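# no sequence for this one, just the structure:
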Ligand code: ADP
Ligand code: ZN
Ligand code: ZN
């Protein structure tokens, strides 16, 4: 209901509010008479008493009759906003997400805001004043300042910082900067601008018919400024042109495109030109990339194309930077909003399209709390706004492949490498019965040597950090286990530690078997740390960089390592999947996959899908520019059908085969899943709770329940875990079951002893 005037002043009016609390309900409050005249638009923030505290919630609607006894209802404290923080379509999206993922609306709205807004901060930022060279200043012969050395120095400094400088930046350069600046402004060499120098785009865009001549000039000036700085679009190749043309046809309606383009086929260029087309219509574009995909290099690529109409949202931003990004996007001041998962909730009043790069990536699914899939929420958002969405990948998820077959998605296929690059050649190295040198075969070592001898780079991939995954007693067979998890401890040589990769606990390296006291302890298997050590011995002169969570813990260390790769300083790169995805290293000629067998025996029904995606993504790092690439995969299973298809780089065939299997076994995308997980401190509580739910649950929706059963790793971080899988032929059934049984799930008499969560469309089933 809206705040229409047909309610007389005497009618009690109530506000229905979403409040962050782990309760599956909304909360009604009395609107104080002083506020009855105010327009209270849904989507504004409201402060209310809540228990003994106060909380900030979101107004959802106004109602005449509250949900509970009017005499017990509390009154709103204050409104925090005049204009809504969520517009109507965003509220609709959040409501949908709340019911789709069966998560309290108050928690959902909370998750969708930057933390300063959650805490009640004003939805405003101060645009900091800046100074930059004017058009005249830029074209100046600086000799005319020869008589004013201070102004000349400042002039040079501004020339180097073309985007402009703030007060504090200028003050660190010259403490008397204000005199010089004033003089330069008088000479029309310097001009004032605010934080967002492209705000002029906005000014012109508002009312096209109304543009005055001087504004036109202003725009022309702006365009000139931006085109001189920004890098131009590439000429699309035939495959890119076809894809681009198909997107252009649907710019004004909801269509989900699957841009299935092999690694290096130029997907990013298609995104960039699509974005460009939308900016020209004064629209905004939201681009989501995987957690590890948001590299400085990708950001630079977007920056160099779009300059200051871009805002980037990543995990390293501090609270006020996040608020700035939010406000700029919300004010329509920036057109291109680039971010990871949570950016799917960025406000974009003028959104024209959404792009999801590497749509198959696991990081789009939140794995705790509000377990949403940013990809699926984005599709819903596009549908609500009636705009196109592009999902891009060289190795799309089977769900998306199947959606193309069902014609829910429109397939755009690109098979050739863009520009001059050639596809890499993939070969298997059969390591059965071969003696390995700390995990490396002679063939691989020889090729590594050859490659760096030709001044090319080598990338070695092993998805396991540390030195060795197992420490074993040679006398009795005992292995070092984590005390809190059902898992082995990984040996880390540098700090002489044993670390659990599941709960993070660590201990000093032990020298004696805890079972038989033997000192004959050996480590088995390899991690990235060991490969690095081995190569340092084999190639003492080579410059080696290792990139994994251990080497990139410190802020800035990943950027530094990536810079060393791009500058060519690093010759051999060793890394986990942090190195596998999205990067464009033009000089990498050899990619080595050290252990491909891990994934062949995974227990998750998606294990084969994930393995082929990962290997093909890693392989795609080879030969991305003029340098032709080769990929060598060490395996104990050279004849495995999946390995054979990976060699052919035939993801389409891999997907077809896996889809056929899924159809047979009735796993997604041919069925729908949810998982009810529970964990507890004592061994039986979680299973008992799930048993209770399974036994008492109503099942009119006729879903099938699998379990309850202990989780594959039953104990983790000291807690016992169990799960109940809900499987159905239709999405609707899952929701009906969840809806009907949520009261039971959240209020079962055994619930106090467990921590539970319901995961809709789980990505990791195991
Ligand atoms: P993808 O995103 O599919 O992995 P990219 O867009 O990163 O591929 O393109 C791979 C490389 O090919 C990049 O260096 C890019 O600059 C280049 N490239 C892309 N499209 C073209 C084109 N039309 N002409 C020339 N080079 C191109
Ligand atoms: Zn022993
Ligand atoms: Zn552990």
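Perfect, thanks for sending it. Remember, predicted model here, so these are calculated numbers, not experimental data. Numbering: from 1, shown residues only. Ligands and ions are numbered 1, 2, ... in the order given.
# Give me the buried positions along stretch 26-45.
Judged by neighbour count using 16 or more other CB atoms under 10 Å, the buried positions of stretch 26-45 are 26-31, 35-36, 40-45. Where C-beta positions appear, they are placed from N, C-alpha and C, glycine not excepted.
# Next step: these restricted to strands.
Using DSSP state E, 27-30, 45 are the members of the buried residues of stretch 26-45 that sit in strands.
# Give me the lowest-pLDDT entry from the residues you listed.
Across these, the bottom pLDDT score, 88, is held by residue 30.
# And the ones in strands among the buried residues of stretch 26-45, which is closest to ligand 2?
Comparing these against ligand 2 with CB to the ion places residue 27 closest, at 59.7 Å.
# my read: that closest one touches residue 14, true?
No. Judged on CB atoms under 8 Å, residue 27 makes no contact with residue 14 at a distance of 10.0 Å.
# what's downstream of the lengthiest strand in the chain, the next helix or strand?
For the chain, the strand that runs over the most residues, judged by DSSP E, is strand 704-716. Per DSSP states H and E, the first helix or strand lying C-terminal to strand 704-716 is strand 719-728.
# ok and the helix or strand in which residue 758 is found relative to strand 719-728, angle-wise?
According to DSSP H and E, residue 758 maps onto strand 755-760. With axes from the mean of the first three to the mean of the last three CA atoms, to 10 degrees as the basis, strand 755-760 and strand 719-728 are set at 30 degrees to each other.
# can I assume residue 688 is in contact with residue 750?
Yes. Residue 688 lies in contact with residue 750 (CB under 8 Å); the separation is 5.7 Å.
# What separation is there between the residue nearest to residue 281 when sequence neighbours are not counted and residue 79?
With CB to CB, 6 or more residues apart in numbering as the measure, residue 352 is the residue that lies nearest to residue 281, at 6.4 Å, once sequence neighbours are left out. If you measure residue 352 against residue 79 using CB to CB, to the nearest Å, the figure is 31 Å.
# Of the two, which one has the most company?
The neighbour comparison of residue 352 against residue 79 (other CB atoms under 10 Å) goes to residue 352, with 22 against 18.
# which ones are touching that one?
251, 278, 281, 283-285, 387 (CB atoms under 8 Å, 6 or more residues apart in numbering).
# helix or strand for the residue nearest to residue 281, which one?
strand 351-357.
# Check which residues of the helix or strand following that strand are buried.
Counting by DSSP H and E, the element after strand 351-357 in chain order, helix or strand, is helix 374-385. Across helix 374-385, burial judged by 16+ other CB under 10 Å covers 374-382, 385.
# Can I get those in TSV including distance to residue 107?
Converted to TSV, the buried residues of helix 374-385 look like this (distance: CB to CB, whole Å):
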residue	distance to residue 107
374	16
375	20
376	18
377	15
378	20
379	22
380	18
381	19
382	24
385	24
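# so which of the residues you listed comes closest to ligand 3?
Nearest member of the buried residues of helix 374-385 to ligand 3, counting by CB to the ion, is residue 374, at 28.8 Å.
# Against residue 250, how distant is that closest one?
22 Å.
# hey, where'd the strands end up in the stretch 1-150 of the chain?
Ranges of strands within the stretch 1-150 of the chain are 14-18, 27-30, 45-50, 53-63, 78-79, 129-133, based on DSSP state E, counting those that start in this stretch.
# do the stretch 551-700 of the chain as well
Counting by DSSP E, counting those that start in this stretch, the strands of the stretch 551-700 of the chain are 572-575, 588-593, 630-635, 672-680.
# who in this protein is up against ligand 1?
Contact residues (CB under 6 Å from any ligand atom) of the chain with ligand 1: 234-237, 240, 261, 263-269, 418-419, 584.
# could you redo the last one with a cut-off of 5 Å?
Within the chain, the positions near ligand 1 by CB under 5 Å from any ligand atom are 234, 236-237, 261, 264-269, 418-419.
# would you turn the residues you listed into TSV with secondary structure?
Formatted as TSV, the residues of the chain next to ligand 1 follow (DSSP: H, G, I helix; E, B strand; the rest coil):
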residue	secondary structure
234	coil
236	coil
237	coil
261	strand
264	coil
265	coil
266	coil
267	helix
268	helix
269	helix
418	coil
419	coil
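# Using PyMOL, define a selection of the buried residues within the residues you listed.
To isolate the buried ones among these in PyMOL, judged by 16+ other CB under 10 Å, type:
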select buried, resi 236+237+261+264+265+266+267+268+269+418
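# would you list the residues of the chain next to ligand 1 in a markdown table and tack on pLDDT?
Output for those, formatted as a markdown table (pLDDT from 0 to 100):
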| residue | pLDDT |
| --- | --- |
| 234 | 89 |
| 236 | 92 |
| 237 | 93 |
| 261 | 95 |
| 264 | 85 |
| 265 | 90 |
| 266 | 92 |
| 267 | 93 |
| 268 | 92 |
| 269 | 94 |
| 418 | 83 |
| 419 | 78 |
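# If we only consider the residues of the chain next to ligand 1, which is nearest to residue 593?
residue 264 (17.6 Å; CB to CB).
# Leaving out the residues flanking it, which one is nearest to the closest one?
In this structure, residue 264 finds its nearest non-sequential neighbour in residue 417, 4.6 Å apart by CB to CB, 6+ apart.
# How many neighbouring residues does that neighbour have?
Residue 417: 22 surrounding residues under other CB under 10 Å.
# Shouldn't it be within a helix?
No. Counting by three-state DSSP, residue 417 is not found in a helix; it is coil.
# wait, it sits on residue 267?
No. If you go by CB under 8 Å, residue 417 and residue 267 don't touch, sitting 11.4 Å apart.
# Look up how far ligand 1 lies from the residue most central in space within the chain.
Geometric centre of the chain, nearest residue: residue 340, 3.0 Å, by CA atoms, centre = their mean. Distance, residue 340 to ligand 1, using CB to the nearest ligand atom, to the nearest Å: 17 Å.
# ok so, going back, now the strands of the stretch 1-150 of the chain as CSV including distance to residue 462?
Below are the strands of the stretch 1-150 of the chain laid out as CSV (distance: least, CB to CB, whole Å):
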stretch, distance to residue 462
strand 14-18, 46
strand 27-30, 51
strand 45-50, 48
strand 53-63, 46
strand 78-79, 55
strand 129-133, 47
